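Q: what follows is a predicted protein model with its sequence.
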Amino acid sequence: MARVDAEEAAVEWFFRLQDCEDEQPWLDHLAWMEADPAHAEAYAKVERLWIAAEALPPIAPAAADAPAEIVSLDAHRAAKQRRVARWWLPVGIAAAASVAAVIGLPQLGHLGDPAAQTYRTDGTSTKVVALADGSRLTLNRNTELTVTLGDKVRTAELRSGEAIFDVHHEPSRPFTVAAAGREVRVLGTEFDVLSQNGTFGVAVRRGLVAVSPAQDGGAVTRLPAGTGLRRVAGDTADRVEKIAPDDALAWAKGRLIYSDSPIETVAHDLERYTGTRVSVSPDLRSLRVSGVLTIGDPAAVDRQIEALLPVRVEKVDGERRLVRAP
C-alpha cells in the first residue's frame, strides 16, 4: 500500500511541476523525495515512462512537409501532456508500466563509461541538441559546450558562448553546468547560461537552479523562475533581479530584446553576432537601451543599431566602435 501511495503521489508531483514557475513547489517536492528513498524511486519511474511515451506515435500524424524546427516549445509541451494524460489518467502508474513492457518501449539505462560529447556553433547559426536523457539544449552562435551523461551525474561545461538548457528532471542523476569558474546546479528547469568575455549570467524560465559563488566569495544563490543573475567583467558582486524570461531567451527565436539595458550589454551581444571586438565610446557609457534587434548578418545588425540608437558603428582594423552620431 505504501508503494502505491508513493507512486500516486509521484504522478501528482510530476504533473504539478510541469511548467511550474514558483519556487516553493520545487522546494516542497525536493523535501518529499528526500523524506523516503521510495519517493525518489517512484518519481524516477514516472519520468522514465514520460520518456518512453515520447516513442509512441503522435495522436495525429504531422504533415510530411512540416519541419520539426518550427514547432513551438509550448505546442511541443502541450502535445506531450496530451500523450501522457492518455497513459496515466485511465490506468495509473502500475498499469502504464506493464503496458510499456508489453509493447516493448525502450528500456532506459546507462551502459558503459560516460563519453563526453562536444558541440560547437560558428558565427552564422544556432544549434538544437536533443540529449539521450530527454534534455534539450539550444546553443547560441559562437558557442562551445561539452556534455557528459554518466550513471550518477550529468554535467555540461560551457567553455564559451551561451546556451539554453531544458533539463529532464532525474532526482538520481543531478545535472550541473560549469561556466566561468562557477557551477549551476539544476533542480529540474529551463534556463539560460552565458559565459563570454568575462561576463557570466543565468536566466531562469522554469523551475529552480542553484548558482555557486564566484571565486572571490559570496554565497550560493537560488534562482526561481523569472529571476536572473548577471556579473559583468570587472564587477565585484552578482546582480540578481526579476526578468522577463521570454525576453532573455528570445535569441533562440532570432531576436535580442532590451529593456533599459546598458549600452555595454548591446556591445557584448554585437561581439557574439559579428565575431569582432566591439568597444563603446566613453561619452556613450551612460546610455540605456530599450528595443528589439533582429539577428541577421553583421551589416544588417549594424544598421539596426544605428536606427535604434543615437550612435554610429565605426569599423576600424577589423573592430567595431560605437560612437555618438553627429
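A: Yes, it's here.
Q: quickly list what Ala178 is bridged to.
A: Here Ala178 sits in beta bridges with Glu157, Glu183, as judged by DSSP bridges.
Q: that one: neighbour count?
A: By the criterion of other CB atoms under 10 Å, Ala178 has 17 neighbours. For the C-beta atoms, the positions are set from N, CA and C on the backbone; glycine is no exception.
Q: also Ser195?
A: 24.
Q: so which strand or helix has it?
A: Ser195 is located in strand 182-196, with elements delineated by DSSP states H and E.
Q: could the C-alpha coordinates of the helix or strand that that strand is followed by be exported in PDB?
A: Using DSSP H and E, the helix or strand that directly follows strand 182-196 along the chain is strand 199-211. Listed next in PDB are the C-alpha coordinates belonging to strand 199-211 (Å, rounded to 0.1, in the frame of the first residue of the first chain):
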ATOM      1  CA  THR A 199      30.600  38.200 -18.300                       C
ATOM      2  CA  PHE A 200      28.600  35.400 -16.600                       C
ATOM      3  CA  GLY A 201      24.800  35.200 -16.500                       C
ATOM      4  CA  VAL A 202      21.900  32.900 -15.700                       C
ATOM      5  CA  ALA A 203      18.300  33.400 -16.600                       C
ATOM      6  CA  VAL A 204      15.600  31.000 -15.400                       C
ATOM      7  CA  ARG A 205      12.400  30.500 -17.400                       C
ATOM      8  CA  ARG A 206      11.000  27.500 -15.400                       C
ATOM      9  CA  GLY A 207      11.900  25.700 -12.200                       C
ATOM     10  CA  LEU A 208      14.800  26.400  -9.900                       C
ATOM     11  CA  VAL A 209      18.600  26.500 -10.100                       C
ATOM     12  CA  ALA A 210      21.300  27.000  -7.600                       C
ATOM     13  CA  VAL A 211      24.400  29.000  -8.600                       C
END
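Q: what sits against Val184?
A: The neighbourhood of Val184, defined by CB atoms under 8 Å, 6 or more residues apart in numbering, consists of Thr176, Val177, Ala178, Phe191, Val193, Val202, Val209, Ala210, Val211, Ser212.
Q: and these, which of them are buried?
A: Burial of those was assessed by neighbour count (16 or more other CB atoms under 10 Å); the buried members are Thr176, Val177, Ala178, Phe191, Val193, Val202, Val209, Val211, Ser212.
Q: closest to Trp13 out of these?
A: For the buried ones among the contacts of Val184, the closest approach to Trp13 (CB to CB) belongs to Val209, at 18.7 Å.
Q: one step back: okay if I get the contacts of Val184 as JSON lines plus pLDDT?
A: As requested, the contacts of Val184 are exported to JSON lines (pLDDT from 0 to 100):
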{"residue": "Thr176", "pLDDT": "94"}
{"residue": "Val177", "pLDDT": "96"}
{"residue": "Ala178", "pLDDT": "96"}
{"residue": "Phe191", "pLDDT": "94"}
{"residue": "Val193", "pLDDT": "96"}
{"residue": "Val202", "pLDDT": "96"}
{"residue": "Val209", "pLDDT": "90"}
{"residue": "Ala210", "pLDDT": "90"}
{"residue": "Val211", "pLDDT": "93"}
{"residue": "Ser212", "pLDDT": "93"}
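Q: any chance of the residues you listed in a markdown table, with distance to Ile257 too?
A: Below are the contacts of Val184 laid out as a markdown table (distance: CB to CB, whole Å):
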| residue | distance to Ile257 |
| --- | --- |
| Thr176 | 28 |
| Val177 | 23 |
| Ala178 | 27 |
| Phe191 | 17 |
| Val193 | 18 |
| Val202 | 17 |
| Val209 | 21 |
| Ala210 | 26 |
| Val211 | 23 |
| Ser212 | 28 |
